[in-house]
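Undergrad: sequence and predicted structure, then a few things I'm wondering about:
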Amino acid sequence: MSLCLREKHDRLVERARIVQTIRAFFIESAFLEIETPQRIPLNAPEANIAPVLSGNWQLQTSPELAMKRLLAAGYKNIFQISHCWRDEERGRKHLPEFTMLEWYRSHCDYTQLMTDCENLFRYLLPQAQIDYQGHNIILDQPFERLSISEAFERYTDTSPLQAIAEDRFDELIAFSIEPQLGLKRPTILYDYPAELASLARCKTGHPELAERFELYIAGLELANAFSELNDPEEQRQRFSKEAGIISTNGSHPNLLPEPFLTDLQNMPAAAGIALGVDRLVMLLTDSHSIDQVVAFPPEDL
């Protein structure tokens, strides 16, 4: 067994407190807690995410599609703490089965979620600081907001578009930029190239950019957020492109989540964010590995 269960006791107690505090924050903020099925016909097709199959269906990689269908049905502000699965993901910061916090707001954009992140962390940590792996991070001032373009200019020798053209974008983010982020205060890395928009809306007046941000603390990526795309035709085109790549790779059939695309036409302007709970617990318990903050990593089962 990689780490004795008795040695994890204090971390698991703190994990329970953190989850309970998250729930209290959203309930006090007038969010509705919801539950959606974890076994679904199809996830959103994303070439870089491999779903876990369950018969002819899949285990969810994220509750995103179902939660946005609720927004389309008229729900306002909703949140969910749920298990998700992604195949072939394992490492110090990755588990194939993990816990995700997702929340969505209708009639707003990604800037509101930036404020939510600041408020959530201050609620979790009234002392307004985090000590993690030798870094002291202060929370009592606005989080740093750094655009992708500024980050590449500051920490690399190229531009985001050139990095994409050379297939180096993810490499430079992981090895040159991420380790520099959130070392003194949390960093919000925002406005990704439109080529990496995924399910995000393109920025008004700047169609070359997507209204997307990621949250980093002590070099650890914690959350990914969007102003949500609510144009069903554009979303279908993006899904079709991703599904074509997946099909070419032979991963699984070229199919799209049609009920979601049908409902998307009724979804108002909205923003949503996914935050990794296991990584959050790592951060708040000063743990080096994700294995230290879950009762049973897969190798111990």
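TA: Happy to help now that I have it.
Undergrad: just the strands from this structure, written as ranges.
TA: 32-33, 39-40, 53-54, 57-59, 78-85, 97-106, 129-132, 135-138, 144-147, 187-193, 202-203, 206-217, 220-227, 270-276 (DSSP state E).
Undergrad: list of residues touching the last one?
TA: This means strand 270-276. Strand 270-276 is contacted from outside by 62, 64, 67-68, 71, 98-110, 112-113, 116-117, 215, 221-228, 230, using Cβ atoms under 8 Å, 6 or more residues apart in numbering. Quick note: C-beta positions are derived from backbone N, CA and C, even for glycine.
Undergrad: filter those to the buried ones?
TA: 62, 64, 67-68, 71, 98-106, 108-110, 113, 116-117, 215, 221-228, 230 (16 or more other Cβ atoms under 10 Å).
Undergrad: on that earlier part again, mind putting the strands of the chain into a markdown table with distance to residue 178 and mean pLDDT?
TA: Putting the strands of the chain into a markdown table (distance: least, Cβ to Cβ, whole Å; pLDDT from 0 to 100) gives the following:
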| stretch | distance to residue 178 | mean pLDDT |
| --- | --- | --- |
| strand 32-33 | 31 | 98 |
| strand 39-40 | 31 | 98 |
| strand 53-54 | 31 | 95 |
| strand 57-59 | 27 | 97 |
| strand 78-85 | 21 | 98 |
| strand 97-106 | 19 | 98 |
| strand 129-132 | 14 | 96 |
| strand 135-138 | 14 | 97 |
| strand 144-147 | 12 | 98 |
| strand 187-193 | 9 | 98 |
| strand 202-203 | 23 | 96 |
| strand 206-217 | 7 | 97 |
| strand 220-227 | 7 | 98 |
| strand 270-276 | 14 | 98 |
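Undergrad: to residue 6, which of those lies closest?
TA: strand 97-106 (22.1 Å; Cβ to Cβ).
Undergrad: the closest one versus strand 270-276: what angle between them?
TA: Counting by axes from the mean of the first three to the mean of the last three Cα atoms, to 10 degrees, strand 97-106 lies at 160 degrees to strand 270-276.
Undergrad: so which elements touch strand 97-106?
TA: If you count contacts as 3 or more Cβ pairs under 8 Å, 6 or more residues apart in numbering; DSSP states H and E, strand 97-106 packs onto helix 64-72, strand 78-85, helix 110-124, strand 270-276, helix 277-284.
Undergrad: for residue 54, find the nearest of these.
TA: strand 78-85 (8.8 Å).
Undergrad: and residue 229, its phi and psi?
TA: Backbone torsions for residue 229, taken as degrees, to the nearest 10, come to phi -70, psi 130.
Undergrad: in this structure it contacts residue 235, no?
TA: Yes: with contacts counted by Cβ atoms under 8 Å, residue 229 reaches residue 235, the gap being 5.4 Å.
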